[in-house]
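J.: kindly generate the corresponding structure for this input.
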Amino acid sequence: MRVGGDWLENDRTQTVLGLLTGAGHAAYAVGGCVRNAVLGVAVTDVDIATSARPEQVIALTEAAGLRAVPTGLAHGTVTLVAGGEGFEVTTFRRDVATDGRHAEVAFSDRIEDDAARRDFTMNALYADATGRVLDPLGGADDLRARRLRFVGDAAQRIAEDYLRILRFFRFHAQYGDPDHGLDPDGLAACAAGADGLARLSAERVTGELRKLLAAHDPAPSVAAMHHAGVLARVLPGADPRALAPLVHLEGAAPPRWLRRLGVLGGDTSALR
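T.: So this is what the prediction gives:
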């Protein structure tokens, strides 16, 4: 399978990928950009995964006369600026310890390690500079079927970062098949791990809720959150029953997440 489009073929992306591969390192566009390209959805950000270590990325970037910003060296991330566009370039990595909010990582030379630590199979898609897609975990089949599955054991993925509970419902609203419901294993793991949401910052929770409620039709996902006991953890007292009628009444009007939040009711004092 191949993907293409200006997001990949433009001089900026090709410069970043070529800078790394020209020095003998593996380098791929990864995650949302590849996922959206497969779906034919607009690509807004291009993230890069590479076998190069952060210090190597910085050295190569500066030698090429480009700008490198050490945005997250402990996690292997350098922002490389090419043609005025920022690319997050992150070294292949694997988790060695997690606390439900943040992970301690070790760098790796293997794309398989990098794929195994991602949240959902549809986000573990990689594309080289020619558009050839690498799919270590079968994410393309899940994506085409609009099936959202956690990578590996759902409970383990959630325990690594409890925000993945909210991402599960948000990604289903954005990319899942509403007629087939949510993955039962993932849904059960989210329900079992819901207490862990209390460990997250208000900013992270609010950010995910905003994205969820801005989806074309978040009502099925929000209803599933309610039945799983997740909605009450982040929005105590919320009632999702009025959301579906509101979405219907909105028709072709642009979705407004704050209006939808208002119709849910509940206690918003913990949101930011």
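J.: now stretch 261-268: buried residues?
T.: Neighbour-count burial for stretch 261-268, with 16 or more other CB atoms under 10 Å as criterion, is recorded at 261, 263, 264, 266, 268. No exception for glycine: its C-beta is placed from N, CA and C like everyone else's.
J.: farthest-apart pair in the residues you listed, please.
T.: 263 and 268 (12.2 Å; CB to CB).
J.: tell me the one of the buried residues of stretch 261-268 nearest residue 223?
T.: Nearest to residue 223 among these, with distances taken as CB to CB, is residue 264, at 10.9 Å.
J.: on the three-state scheme, the closest residue to that closest one other than its chain neighbours is what?
T.: Take residue 264 and drop its neighbours on the chain: the residue closest to it by CB to CB, 6 or more residues apart in numbering is residue 238, 4.4 Å away. Of the three states, residue 238 takes coil under DSSP: H, G, I helix; E, B strand; the rest coil.
J.: these two touch, right, residue 238 and residue 232?
T.: Yes: using CB atoms under 8 Å, residue 238 is in contact with residue 232, at 7.1 Å.
J.: please say which of those two ends up with more neighbours.
T.: residue 238 (19 against 15; other CB atoms under 10 Å).
J.: pLDDT score assigned to that one?
T.: Listed pLDDT for residue 238 reads 96.
J.: residues contacting it?
T.: 226, 231, 232, 264, 265, 266 (CB atoms under 8 Å, 6 or more residues apart in numbering).
J.: and the second one, how far from residue 197?
T.: As for residue 231, its distance to residue 197 is 10 Å (criterion: CB to CB, to the nearest Å).
J.: pick out whichever of those two has more residues nearby.
T.: Neighbour comparison, residue 231 and residue 197: the larger count goes to residue 231, with 24 against 19 (by other CB under 10 Å).
J.: in contact with the more buried one, which residues?
T.: Residues near residue 231 by CB under 8 Å, 6+ apart: 222, 225, 238, 240, 264, 266.
J.: model confidence for the fifth one, exactly?
T.: Spelled out, it's residue 264. With respect to pLDDT, residue 264 has a value of 96.
J.: okay, and the common contacts of residue 238 and residue 232?
T.: Residues touching both residue 238 and residue 232 by CB under 8 Å, 6+ apart: residue 226.
J.: in TSV: the contacts of residue 238, plus secondary structure.
T.: What follows is these, written out as TSV (three-state DSSP):
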residue	secondary structure
226	helix
231	helix
232	helix
264	helix
265	coil
266	coil
